[in-house]
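A.B. asks: Sharing a model that was predicted from the sequence below.
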Amino acid sequence: MSGKFSSLPGEIYMLHILHNIGATSPERALTLEEIARWTAMDPLEAEINLRKLLKDRYISVEETLGVKRYFVTADGIRKVLSMYS
Amino acid sequence: MWICCNITGHLLVIFMNICMLSWEYPPRIVGGISRHCQGLARALAKMGHTVYLITLDFPGAPYYEEDEGVRVYRTAIELGHPNFIVWVLLFNHFMEKKVAMLSKQEKFEVIHAHDWLVAPASISSKHYLGAPLISTIHSTEVGRSRGLHNPDSYLIDGLEWWLTYESKRIIVISNSMRQEVREHFRLPDEKIDVIPNAIDSSKYEIRVDRDDVKRRFGIDSSERIVLFIGRLVPQKGVEYLIMATPKIIEKHPEARVVIVGNGWSKDYLLNLASSIGCQHKVLFLGFLSDQDLIELTLSSDVLVIPSIYEPFGIVALEGMAAGVPIVASNTGGLAEIIEHDKTGFLAYKENPDSIAYGVNKILSDPGYASWLVQNAKRKIREVYSWDAVARKTVETYEKALRE
């Protein structure tokens, strides 16, 4: 990531990207594969980071027809925005 | 707009349509701007002005609502981008679109922007609506980041300058910010008005069962709460409170440091508490609802505000209104709100020993704690009400309309 926070931990970098691209509601949730592409992470690395974010409740997951999609929660939004206010 | 003349022949605005832009408004609460905008907008609406508050959407919040007379419009951000600055510019586009749509039905007399995050939308709106722009600068990038260290910071600094340049009048929340903004952006002093933050102290006029509140948060009833409220970011100086904890518990083993808030430094702070062996005495509660926060504050024994950079420090007003003695860094707006040894204890900045000394003094001497609380409550009543702040803000609007 360029700019202000170039040395963020992987999961926070991922949270940041998910927020900025608008994955902040169930309707705009993304699959693991889509997240891996947006963040340019290996899917396995992306999955590990997603697990960390889920544990901290910064993201939530919903499952439709067997496909899991992830989106940023209110706490996750606050976490990201705290960096810039 | 309704206008009349005073005895000197000056035009006075009675009621006006105010277009206020802020990237945060409750329940979207990131820093102090959210509560500031709500308090100010509600007080302006109470005076009879019509306030159109344009902000961003948030999970669970409606796209339109009336909040105690304030017309709140939450804008959906329909496009995103991984880069934060590009994201900001995109949401400004959607805010500007909302202002343009509203302006077809209403004529706005003034545009009021809160911080750089809404600068592009506010400046464009000023030009196409032909209304004066007033900006409140709550803090600066150079202050928050303690210098400009990368391209994003330089851009944010540039946007802040651009906003102050385009604004007819600038509002800052403390004298220290007046000096900072005047010198850093090279602004004429007469363009700047100091209007402090305020608080609705009636929220704290409730009775709480302290033992019950403590139990809810996993705190033993015998423990005394040393509270921190704020974002977990370096400018808030939480690390100095954590570093002060061993010296506090050495004198007061019944003390428990309770940290409320979230932010990107949280993991570092958790590790710091562990590395100095006091993780059992430092409790991280994360973000709390307003009601929980009020009840926890009322159940606390000391409120610590260890900020490194604090243009105002609205949390100090919250503690004063709640009747909790305060230990705060002797910096920025905090040093203007708190009179040392009268309405609180001012500790040296970035100094854990000084913080520990202040906390221990308050925990050891109930008479001293009570003296600080009585004086602080009196000051809140006399100086920091939203009605007073709204009246001063209207004076600034009137100056902008006259100039």
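C.D. replies: Nice, thanks for sending it over. Numbers count the residues shown, from 1 in each chain, chains lettered A, B, ... in the order given.
A.B. asks: Quick check: residues of the stretch 101-250 of chain B near chain A?
C.D. replies: Counting by CB under 8 Å from any CB of the partner chain, the stretch 101-250 of chain B comes close to chain A at B:Asp115, B:Leu117, B:Ser145, B:Asn150, B:Pro151, B:Asp152, B:Ser153, B:Arg231, B:Leu232, B:Val233. Heads up, the C-betas are built off the backbone N, CA and C, glycines and all.
A.B. asks: just the buried members of those residues?
C.D. replies: The neighbour count (16 or more other CB atoms under 10 Å in any protein chain shown) marks B:Asp115, B:Leu117, B:Ser145, B:Asp152, B:Ser153, B:Arg231, B:Leu232, B:Val233 as buried among these.
A.B. asks: so which strand or helix has the residue most central in space within chain A?
C.D. replies: In chain A, the residue lying closest to the centroid (CA atoms, centre = their mean) is A:Leu15, at 3.5 Å. A:Leu15 belongs to helix A:10-20 when assigned by DSSP states H and E.
A.B. asks: which strands and helices sit next to that helix?
C.D. replies: When contacts are defined as 3 or more CB pairs under 8 Å, 6 or more residues apart in numbering or on different chains; DSSP states H and E, helix A:10-20 sits against helix A:32-39, helix A:43-55, strand A:67-72, helix A:74-81, helix B:84-103.
A.B. asks: remind me which residues of the stretch 151-300 of chain B are low pLDDT?
C.D. replies: Applying pLDDT under 70 to the stretch 151-300 of chain B flags no residue at all.
A.B. asks: which residues in it form helices?
C.D. replies: B:151-166, B:175-184, B:210-216, B:238-251, B:266-275, B:290-298 (DSSP state H, counting those that start in this stretch).
A.B. asks: So which of those is the most surrounded?
C.D. replies: Mean neighbours per residue, mean count of other CB atoms under 10 Å in any protein chain shown, is largest over these for helix B:238-251, with a mean of 21.
A.B. asks: residues in contact with the residue found closest to B:Glu78 once you drop the neighbours it is linked to in the chain?
C.D. replies: Computed as CB to CB, 6 or more residues apart in numbering or on different chains, the closest residue to B:Glu78 that is not its neighbour in sequence is B:Phe94, at 6.3 Å. Contacts for B:Phe94 were tallied using CB atoms under 8 Å, 6 or more residues apart in numbering or on different chains; they are B:Thr75, B:Ala76, B:Ile77, B:Glu78.
A.B. asks: Is it correct that A:Ala23 is in contact with A:Ala29?
C.D. replies: Yes - when contacts are counted by CB atoms under 8 Å, A:Ala23 is listed as touching A:Ala29 (6.1 Å).
A.B. asks: Check the gap between B:Ser329 and chain A for me.
C.D. replies: Remark: distance between B:Ser329 and chain A (CB to the nearest CB, to the nearest Å) = 19 Å.
A.B. asks: Flag the shaky bits of chain A, pLDDT-wise.
C.D. replies: Low-confidence segments of chain A (pLDDT under 70): A:1-7, A:84-85.
A.B. asks: Got the confidence number for the residue in chain B that chain A sits nearest to?
C.D. replies: Proximity of chain B to chain A (CB to the nearest CB) peaks at B:Gly80, 3.4 Å away. B:Gly80 is assigned 90 on the pLDDT scale.
A.B. asks: ok, it - how many residues close by?
C.D. replies: 20 (other CB atoms under 10 Å in any protein chain shown).
A.B. asks: Run through the residues that contact residue 79.
C.D. replies: Picking chain A for this. Residues near A:Lys79 by CB under 8 Å, 6+ apart: A:Ile12, A:Leu15, A:Tyr58, B:Asn262, B:Gly263, B:Trp264.
A.B. asks: my bad, the chain I had in mind was chain B
C.D. replies: Residues near B:Leu79 by CB under 8 Å, 6+ apart: A:Gly22, B:Leu90.
A.B. asks: Report the secondary structure state of it.
C.D. replies: Here B:Leu79 is recorded as coil under DSSP: H, G, I helix; E, B strand; the rest coil.
A.B. asks: now B:Met20
C.D. replies: The three-state assignment at B:Met20 reads strand, by three-state DSSP.
A.B. asks: For it, report the pLDDT, please.
C.D. replies: Model confidence at B:Met20, given as pLDDT, is 98.
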